[in-house]
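Participant: Here is my input; please provide its structure:
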Amino acid sequence: QVQLVESGGGLVQPGGSLRLSCGNVNFAIYATGWFRQAPGKAREFVASITWRNGVKDYADSVKGRFTISRDGAENTMYLQMNSLKAEDTATYYCAACISRDKYFGHYYASNWDYWGQGIQVIVSS
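Facilitator: This next block holds a predicted model:
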């Protein structure tokens with residue numbers, strides 16, 4: 001059983017930075033990623049990384065501002081968020097996908113197998 005644990009959220013001013021962490025990532029996982037959900041909106045894909053090869057993917061809305069990475073030795077994934085905007089305000093969820101086949105649909109939340117409890121990020125002045 002995989003239990004993912006997020007940390008690092010909080011309140012930040014527009015233009016600021018935060019780094020989210022997702023711990024307890026099992027080595028058998030094919031990929032990990034981040035989704036976010038703003039109030040009244042659907043959960044949306046943010047970024048993902050394959051665990052073995054480190055291949056990354058980003059939503060267009062965060063390209064050039066967010067960077068996803070992983071540390072296999074520490075079983076931890078990170079999301080470095082720079083140049084934050086008010087529209088980045090949401091609850092961020094760490095997720096894990098256990099198979100390559102399911103990862104073909106990694107933009108869809110239903111293709112991910114395990115989730116963290118979510119952590120709030122608020123971008124406001």
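Participant: where does this structure have low pLDDT?
Facilitator: Scanning the chain for pLDDT under 70 picks out 1, 27.
Participant: Show me the helices in it, by range?
Facilitator: 100-103 (DSSP state H).
Participant: what residue is smack in the middle of it?
Facilitator: What sits nearest the mean C-alpha location of the chain, by CA atoms, centre = their mean, is Trp34, with 1.8 Å.
Participant: Distance of the closest residue to it other than its chain neighbours relative to Trp115?
Facilitator: Leaving aside its sequence neighbours, Trp34 sits nearest to Val46 (CB to CB, 6 or more residues apart in numbering; 4.2 Å). The C-beta positions use only the backbone N, C-alpha and C, and glycine is treated the same way. Using CB to CB, to the nearest Å, Val46 is found at 13 Å from Trp115.
Participant: Looking at those two, which is more packed in?
Facilitator: A count of neighbours by other CB atoms under 10 Å puts Val46 above the other of Val46 and Trp115, at 24 against 17.
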